[in-house]
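Student: no FASTA, just this:
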């Protein structure tokens, strides 16, 4: 079991809640995806209008594995 402070009704000592992996995985996946999007946005801001760099980023993002 994983400890997550905001899910489930089964409290552990100290106010932490006990959560199964099935409840945690979608949250972890969402956090990871938001981090990926943020990284891509930072790259886009950095390269600006450079066509070659935009093509490189496009190729790199296109090679990502689907979750």
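Tutor: Cool, got the structure. This is a predicted model, so every value here is computed, not measured.
Student: Quick one: list the elements packing against the helix or strand residue 38 falls within.
Tutor: Element membership of residue 38 [criterion: DSSP states H and E] is helix 21-47. Helix 21-47 is packed against strand 2-4, helix 51-62, with contacts defined by 3 or more CB pairs under 8 Å, 6 or more residues apart in numbering; DSSP states H and E. C-betas here are computed from N, CA, C, even on glycine.
Student: So which elements touch the longest one?
Tutor: Right, the one you point to is helix 51-62. Applying 3+ CB pairs under 8 Å, 6+ apart, one finds that helix 51-62 contacts helix 21-47.
Student: got a markdown table for the helices and strands packed on helix 21-47, with distance to residue 45 and mean pLDDT too?
Tutor: As requested, the helices and strands packed on helix 21-47 are exported to a markdown table (distance: least, CB to CB, whole Å; pLDDT from 0 to 100):
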| stretch | distance to residue 45 | mean pLDDT |
| --- | --- | --- |
| strand 2-4 | 32 | 50 |
| helix 51-62 | 11 | 90 |
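Student: just so I know, which of the ones you listed lies nearest residue 35?
Tutor: Nearest of those to residue 35, taken as CB to CB: helix 51-62 at 14.0 Å.
Student: what's the angle from the closest one to helix 21-47?
Tutor: Orientation of helix 51-62 against helix 21-47 (axes from the mean of the first three to the mean of the last three CA atoms, to 10 degrees) gives an angle of 170 degrees.
Student: residues of helix 51-62 that come out buried?
Tutor: By 16 or more other CB atoms under 10 Å, the buried positions in helix 51-62 come out as residue 57.
Student: hmm, who's touching it?
Tutor: Applying CB atoms under 8 Å, 6 or more residues apart in numbering, the set of residues contacting helix 51-62 from outside is 40, 43, 44, 47.
Student: Look up how far residue 37 lies from the residue nearest to the third one when sequence neighbours are not counted.
Tutor: Pointing back at residue 44 there. Setting aside the residues directly before and after it, residue 44 is nearest to residue 57 in space (CB to CB, 6 or more residues apart in numbering), at 6.6 Å. Distance, residue 57 to residue 37, using CB to CB, to the nearest Å: 13 Å.
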